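J.: Pasting the sequence and the predicted coordinates here, then a few questions.
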Amino acid sequence: MAVKENVNIKSKASEKNNHFKFFKEMKAEVKRITWPSKDDTKKALIAVGVVVLIYLILVGGLDLIFTNLFKFIFNL
């Protein structure tokens, strides 16, 4: 019985060490990341905004066209 209890205590301790090891390794990986500069981030943000705006206009325009088309067809 004493052997089984000792094994359980060791496994719980190793689980805690695994969690701490995971976060320690994660912190090391985050430090290795090469983050983009402010200019690169600004350019990417503007590009995404422009694409979203174009998509919004395209989908909104198609919605308006098809809505009016179906109203015209079903009112005949």
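T.: Everything's here; your move. Nothing here was measured: the structure is a model prediction, and the numbers come from that model.
J.: count of neighbours near K71?
T.: K71 is flanked by 9 other residues according to other C-beta atoms under 10 Å. Bear in mind the C-beta positions are built from the backbone N, C-alpha and C, glycine included.
J.: again, but for the one 3 residues further on
T.: The tally of other residues near F74 (other C-beta under 10 Å) stands at 7.
J.: Check the spacing between it and L64 real quick.
T.: Between F74 and L64 the computed distance is 16 Å (C-beta to C-beta, to the nearest Å).
J.: D40 now?
T.: Plainly put, D40 is 36 Å away from L64 if you go by C-beta to C-beta.
J.: Also F70?
T.: Distance of F70 to L64, computed by C-beta to C-beta: 11 Å.
J.: How are the helices of this protein distributed by residue range?
T.: For the chain, the helices defined by DSSP state H occupy 2-32, 38-74.
J.: Lowest average pLDDT across these?
T.: Among the helices of the chain, helix 2-32 carries the lowest mean pLDDT, at a mean of 74.
J.: Report the backbone C-alpha coordinates of stretch 64-71 in CSV.
T.: The C-alpha atoms that make up stretch 64-71 are tabulated as CSV, following Å, rounded to 0.1, in the frame of the first residue of the first chain:
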residue,chain,number,x,y,z
LEU,A,64,-29.6,45.4,-53.3
ILE,A,65,-29.7,44.2,-56.9
PHE,A,66,-31.1,40.8,-56.1
THR,A,67,-33.6,42.2,-53.6
ASN,A,68,-35.0,44.6,-56.2
LEU,A,69,-34.9,41.9,-58.9
PHE,A,70,-37.0,39.5,-56.8
LYS,A,71,-39.4,42.2,-55.8
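J.: How far does that stretch sit from its chain's centre?
T.: Offset of stretch 64-71 from its chain centre (C-alpha atoms, centre = their mean, to the nearest Å): 36 Å.
J.: before we move on, what about stretch 34-51?
T.: In terms of C-alpha atoms, centre = their mean, the gap separating the centre of stretch 34-51 from the centre of its chain is 16 Å.
J.: One more: stretch 22-29?
T.: A distance of 19 Å separates the centroid of the chain from that of stretch 22-29, by C-alpha atoms, centre = their mean.
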